[in-house]
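Chemist: What follows is a predicted structure for the sequence shown.
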Amino acid sequence: MPDSVKHIEELGIIEVHSSIILSTEDISSSINLINHISKETGITKVLVNTLQVESMPNINSILNLTKVFPRNVKIAVICSEEQPIYKDILCIETAALYQGISFRLFTSQTDAFQWLNR
């Protein structure tokens, strides 16, 4: 099931709610939508809620996708430390930072919003 990607004008963010099981195609589609919405609206803050995700593609598949992550936006990902995907997202964060992508992992929405609004 694909992610839900929408522009929340009053917050000035693009919000992504990830589904329980993510595929490489879902993530790729979300990246394309983020790029499109960002270009159309000028919004550069992205909040990704992965709190419901139980399964996602292997780390190598996602690392290949970081090549097409938008470079002009800040991406804050919310994930619980108890989720099986937490360590994978930490790896993605590290890889993204090395590629010049503004990507951070948070365990709380409050912390994610604070970072996005800096």
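Modeler: Done, it's in.

Chemist: CA only for contacts and neighbour counts going forward, please
Modeler: OK.

Chemist: Now stretch 63-80: buried residues?
Modeler: Counting neighbours by 16 or more other CA atoms under 10 Å, one finds that the buried residues in stretch 63-80 are 63, 65-66, 69-80.

Chemist: Show me which of those residues is closest to Ile101.
Modeler: Arg71 (5.4 Å; CA to CA).

Chemist: Can you verify my assumption that that closest one contacts Leu97?
Modeler: No - counting by CA atoms under 8 Å, Arg71 sits too far from Leu97 to count as a contact (10.6 Å).

Chemist: what's the burial count for Val48?
Modeler: Other residues lying near Val48 total 22 when counted by other CA atoms under 10 Å.

Chemist: you'd agree it is in a helix?
Modeler: No - using DSSP: H, G, I helix; E, B strand; the rest coil, the assignment for Val48 is strand, not a helix.

Chemist: Could you give the bridge partners of it?
Modeler: For Val48, the beta-bridge partners under DSSP bridges are Val16, Val77.

Chemist: What segments of the chain are helices?
Modeler: 24-41, 59-65, 86-98, 109-116 (DSSP state H).

Chemist: Packing partners of the third one?
Modeler: So the one you mean is helix 86-98. Using 3 or more CA pairs under 8 Å, 6 or more residues apart in numbering; DSSP states H and E, the elements in contact with helix 86-98 are helix 59-65, strand 102-106.
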